[in-house]
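>>> what's the 3D shape of this:
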Amino acid sequence: MSTTRRAAVLAIVVCALAFTLAVPLRTYLSQRAEISQQEQQQAHLRDEVARLQARQAALNDPAQVEAEARRRLQYVMPGETPYLVQLPEDTPQGQQQRARQQAEPGGAAWYEQLWSTVGH
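Here you go, the predicted structure:
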């Protein structure tokens with residue numbers, strides 16, 4: 001057999017091996033990447049479960065439930081006097097003024113704003 005024929009046969013064998021190994025290798029690498037992504041997602045979900053279990057344990061405490069009800073729902077116990085503090089920006093006029101200020105990008109220069117507050 002001549003050397004060129006041997007080289008051609010060897011090249012064909014190498015190409016056949018490369019093609020037979022390429023698909024499983026590609027599958028292996030893509031599965032490794034997917035496993036890594038799933039492990040990250042699993043770690044994230046474990047953290048979330050731990051956070052939710054801590055929140056559940058905190059809500060099993062009646063004092064915590066009472067504090068949440070007072071803070072979120074403004075509940076008061078019988079005999080207590082509730083006070084509602086309303087700041088100027090909480091009124092409808094204050095909200096409109098805040099909306100106007102936000103709607104005006106840049107608005108007036110700082111010295112014009114200062115001059116208007118001086119009471120002209």
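>>> Now for this structure, the helix or strand with the poorest mean pLDDT.
helix 92-103 (a mean of 68; mean pLDDT, DSSP states H and E).
>>> Tell me the helix or strand right after it.
The C-terminal neighbour of helix 92-103 among helices and strands, as given by DSSP states H and E, is helix 110-118.
>>> How far does that next one sit from its chain's centre?
A distance of 40 Å separates the C-alpha centroid of helix 110-118 from that of its chain, computed with Cα atoms, centre = their mean, to the nearest Å.
>>> Pull the CA coordinates from that helix and hand them back as CSV.
What follows is helix 110-118, C-alpha atoms only, in CSV (Å, rounded to 0.1, in the frame of the first residue of the first chain):
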residue,chain,number,x,y,z
TRP,A,110,-32.9,77.0,41.7
TYR,A,111,-32.7,80.7,42.2
GLU,A,112,-36.1,81.2,40.7
GLN,A,113,-37.6,78.6,43.0
LEU,A,114,-35.9,80.3,46.0
TRP,A,115,-37.2,83.7,44.9
SER,A,116,-40.8,82.3,44.6
THR,A,117,-40.6,80.8,48.1
VAL,A,118,-39.4,84.1,49.7
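>>> Now do whichever helix in the chain runs longest: which elements does it pack against?
Ranked by residue count, the top helix of the chain under DSSP state H comes out as helix 3-59. For helix 3-59, the elements it packs on are helix 62-73, judged by 3 or more Cβ pairs under 8 Å, 6 or more residues apart in numbering; DSSP states H and E. Just so you know, the C-beta spots here come from the backbone N, C-alpha and C atoms, and that holds for glycine as well.
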